[in-house]
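Engineer: 3D, please:
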Amino acid sequence: MTFQLRSTSAKTFAFMATLFGFVLASGSMLNQARAQAPAPQQNQGGLALAVTPPTAAHLSIAHELMQQIGAERMFDALVPNMGSQIANTILRTRPELTTDLKDVIAKISPDFDKQKQGLIDSAVLIFARAMTEQELRETVTYMKTPAGQKFLDTQSQTITTVASLLDQWNRQLSVEMFDRVRAEMKLKGHEL
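Structural biologist: The predicted model follows:
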């Protein structure tokens, strides 16, 4: 038995990890003094988030950054990818359902696409709470420089490569870890 991420999940994970890592690091890359901000609070992931709700201008610049780095395009693929995963799972054992399943997924997908805006709004809020308005402005400005453009131009290929490595490592980890668990459980008298 193996547990592994689907490549779309790995790509999503790799994209978000790269995205958040880059954006959070960009403030120090730009070497600007931090604006005075209220005391941060730690969320469960360890990211310091501002307590004070961001202003409309702060949210606007965070949204601009999301658009600039292509995060919204990544969200566009979530519902179709999930529909494909569900179809693939069902059709493995029930191939005769292909036509009806395709129709059902096409029918219900728009309902789930409507939820995308809430996801985008939540991501924008996370960016706005993780970085000051000035840091976000500097990051947006940086993205317009030749180095920022290079990052944006190579981001897709880089993320795909990282996702592939993550997927390979995940498969290897799954097999090796399960083998070790099986061996340890055998020492305790249990056959898996």
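Engineer: I'd like to know how far residue 123 sits from residue 63.
Structural biologist: 9 Å (C-beta to C-beta, to the nearest Å). Placement of C-beta: from N, CA and C, glycine included.
Engineer: longest helix in this protein, by residue count?
Structural biologist: helix 146-187 (DSSP state H).
Engineer: Which elements pack onto it?
Structural biologist: In terms of contacts (3 or more C-beta pairs under 8 Å, 6 or more residues apart in numbering; DSSP states H and E), helix 146-187 is packed against helix 7-29, helix 133-143.
Engineer: and with 6 Å instead?
Structural biologist: Helix 146-187 sits against helix 7-29, with contacts defined as 3 or more C-beta pairs under 6 Å, 6 or more residues apart in numbering; DSSP states H and E.
Engineer: what angle separates the longest helix of the chain from helix 133-143?
Structural biologist: Here helix 146-187 points in a direction 110 degrees away from that of helix 133-143 (axes from the mean of the first three to the mean of the last three C-alpha atoms, to 10 degrees).
Engineer: pLDDT averaged over helix 146-187 - what is it?
Structural biologist: Across helix 146-187, pLDDT averages out at 90.
Engineer: Which strand or helix spans the closest residue to residue 105 other than its chain neighbours?
Structural biologist: Leaving aside its chain neighbours, residue 105 sits nearest to residue 83 (4.3 Å; criterion: C-beta to C-beta, 6 or more residues apart in numbering). Assigned by DSSP states H and E, residue 83 falls within helix 78-93.
Engineer: List the buried residues of that helix.
Structural biologist: 78-79, 81, 83, 87 (16 or more other C-beta atoms under 10 Å).
Engineer: ok, those vs residue 127, which is closest?
Structural biologist: Proximity of these to residue 127 (C-beta to C-beta) peaks at residue 78, which lies at 18.2 Å.
Engineer: Just the pLDDT for that closest one.
Structural biologist: 86.
Engineer: Ok, residue 125 next?
Structural biologist: Reported pLDDT at residue 125 in the predicted model: 92.
Engineer: Tell me what angle the particular helix or strand that has it in it forms with helix 133-143.
Structural biologist: Following DSSP H and E, one finds residue 125 within helix 116-130. Orientation note: helix 116-130 sits at an angle of 110 degrees relative to helix 133-143 (the same axes, to 10 degrees).
Engineer: now for helix 116-130, which elements pack on it?
Structural biologist: Applying 3+ C-beta pairs under 6 Å, 6+ apart, one finds that helix 116-130 makes contact with strand 48-50, helix 56-68, helix 71-76.
Engineer: right, so the ones you listed: which one is the most enclosed?
Structural biologist: helix 56-68 (a mean of 18; mean count of other C-beta atoms under 10 Å).
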